[in-house]
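Asker: below are the sequence and a predicted model for it; my questions follow.
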Amino acid sequence: MSAPELFNPATVSPPVGAYSHGAFVKANSDLLFLAGQVGVRPDGTLPASCADQAEEVLANIMRILKAKDMTAANLVKLTLYVVSGQPLSEVRAARLRHLGDHKPASTLIFVPQLAEPRYLIEVEAVAAR
């Protein structure tokens, strides 16, 4: 199983966080597009805090990857939507716990609200092998 090539060209400023500027996927790769994941647990409950929701979001992403025999190393792109005012440090901590040193291309957007007002974070992902 080959992972995407994550890279940061010397011709652009280094990333300011845990991400890469580019993610190269060879042709004829398997691609997995994940719908936006929120912090709902498998039993349908929703934690109240951003920290707990972020943890569950990343756990849900890992569960979906595993269902297709993939791991965090297969992640190519993440788009994180975080409700304004939520502590970004907790989101970063959950990301580090689940992704380790893997740094896919990423975008972080602060939003006023998500589809369900109790959701504090939502993450879309793309994986390849």
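Answerer: Received it, and whenever you're ready, just let me know what you need.

Asker: for the protein, which spans come out with low pLDDT?
Answerer: 1-2 (pLDDT under 70).

Asker: longest helix anywhere in this structure?
Answerer: Among the elements of type helix in the chain, defined by DSSP state H, the one spanning the most residues is helix 50-67.

Asker: buried set for it?
Answerer: By neighbour count on 16 or more other CB atoms under 10 Å, the buried set for helix 50-67 is 50-62, 64-65. No exception for glycine: its C-beta is placed from N, CA and C like everyone else's.

Asker: now stretch 74-94
Answerer: In terms of neighbour count (16+ other CB under 10 Å), stretch 74-94 has its buried residues at 74-78, 80-83, 86, 90-91, 94.

Asker: do the same with stretch 25-34
Answerer: Neighbour-count burial for stretch 25-34, with 16+ other CB under 10 Å as criterion, is recorded at 25, 32, 34.
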